[in-house]
Each structure stands twice: as C-alpha cells, then as structure tokens.
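Asker: Sequence and predicted model, in that order:
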Amino acid sequence: MDAADTIRHSLADVTALRVQQQADPSLAQAVLAVKQWQSRRFAGTYADLMADPLYQGATRFFLEELYSPGDYSERDTQFGRIAGTLQTVFPQAVVQTATDLALLHMQTERLDHAMGLAWVHLPPTPADAARYVAAWRGVGERAEREQQLASVMKLGQDLTRFTRMPGLRMMLRMMRKPAQAAGLGALQHFLETGFDTFGEMARRRGAVEHFLSTVHEREATLMQALFDGDPVACGTQLEATLGLAR
C-alpha cells in the first residue's frame, strides 16, 4: 500500500469511529471527556516545560496538535484530499512523516474510542482519575500504547530532521498561498508550525534531545503505573498532576 492509500485508509477508519460516536451521544460525550482529561493531564505533566521559553513552543505544539480534544475533522479532510499529490510535491522523508502522522492519528482515535466505550460504564469519581485508570486497564492494549508513544517520538525526531533539509522551509513558505487557495490551510499550518517550533528549539544544542527524552521518560513511567501500579496510588498521582494544570 503506498502513502496515499495508507493515509486515505487511516482517515476512513477515523471517520467510521466518528460516525459511531455521532450515532450514540453518550459515547460521543464519553470520548470527548477522555480527550479533555488527557489534555489536562498532559498540561499538568509538562507544566515545567510549558513555563520554560526554550521548550514552551514544542510542548504547546504537542498539546495542541497531538493531545488536544479539538476537532481535527477539517485537517483530516484536507489531508485526505492532498494524499494523492503528497508524493509529487514533498521529499520522500516528508511523505513518510505524513503517512506516520495519519497512522498515529488513527491509532489515537481508536484508543480514545475504546476508552470512551469503557468510560460510559464506569461511575464518576473525584477528578475522574480513578475512572480513567479503570478505563485504561479495561482497554489494555499495552503493545499499541507503546507503539503510540514510539510514533510520537518519531514525529518529533522527523520534524527536527526536516529543519536541516536545505530548501524545505522555503518550499513550505512558497506553498502557503496555493495551500490556502486550495482549502488546505489547516494542513499547511500543521507543517509550518511543526517546522518552525522544532527548528527554533534545534538551534540550542541538546534541546531537542532533552525535550523528547523527557516526554518519553514521563509518558513511559505513567504508562507503566497505569498498567501495573496500585490503582489507588496511580489515581492519587494523577489527581496531583491535574492540580498543576488548573
């Protein structure tokens, strides 16, 4: 399957999940609650990086583009529309990253959907931390969670590598008006924001490596606690993390 087909199939799977949610308002609300909870958790976990001018942009990019409860349907539509031309416009490395992003998006939506299905049948708890732990364990999928984290790390590494590709930033700038005219503004925004954010951080030696290793270490530690730790202690830890994000 080539890049265009992979992107289209991934987005078709995401659309199918959204159709299921639209047909069941309680499920739709549960999936949204899970996404909102995860966004607040991420903001709390990385409150220190968000407050650091060096890492603030990259942290916000991850929060808004990967961990946000926002509606990505516009970007998905644009992504699907341009899938067939990606291979003729961008270097192969960028095409591969676009494909990886589509697969990560599908994987994240599938896991969030499964969490929503579990969430619906669990009683509300204070701050919903215990509810989140129970839903996580009910869904399981450790290998897929590990793959999801690896994909996030690879995306950050790829964006950093792109900043070292001669002429790519100029290409993105030249595409801005045609992209807007073609209704591809959301996708263009993602590419430019990612390029500029990681490009700025990459100017400081070791900054990107520190940022990505910090995210990997904290997410992996949390993942292990969610799967294997004492559920009460894990819920208490998550409640404390949410307190940082308020």
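Answerer: That came in fine, so what should we check first?
Asker: Lowest mean pLDDT among the helices and strands of the chain, which one is it?
Answerer: Sorting the helices and strands of the chain by mean pLDDT, DSSP states H and E puts helix 168-181 at the bottom, at a mean of 66.
Asker: Show the subsequent helix or strand relative to that one.
Answerer: Using DSSP states H and E, the next helix or strand after helix 168-181 towards the C-terminus is helix 185-202.
Asker: give me every residue that touches the most centrally placed residue in the chain.
Answerer: When Cα atoms, centre = their mean is applied to the chain, the residue found nearest the centroid is residue 66 (2.1 Å). Listed by Cβ atoms under 8 Å, 6 or more residues apart in numbering, the contact partners of residue 66 are 104, 108, 152, 155. Bear in mind the C-beta positions are built from the backbone N, C-alpha and C, glycine included.
Asker: pLDDT value on the last one, please?
Answerer: Among the per-residue scores, residue 155 shows a pLDDT of 89.
Asker: my guess is it meets residue 99, correct?
Answerer: No - Residue 155 is beyond contact range of residue 99, at 11.3 Å (criterion: Cβ atoms under 8 Å).
Asker: by contact count, what packs against the biggest helix by length in the chain?
Answerer: If you go by DSSP state H, the chain has its longest helix at helix 92-120. If you count contacts as 3 or more Cβ pairs under 8 Å, 6 or more residues apart in numbering; DSSP states H and E, helix 92-120 packs onto helix 3-22, helix 25-45, helix 73-89, helix 129-139, helix 142-162.
Asker: Could you pull up the mean pLDDT of the third one?
Answerer: Right, helix 73-89. For helix 73-89, the mean confidence score works out to 69.
Asker: what about residue 223, how many neighbours?
Answerer: Using other Cβ atoms under 10 Å, the number of residues around residue 223 comes to 16.
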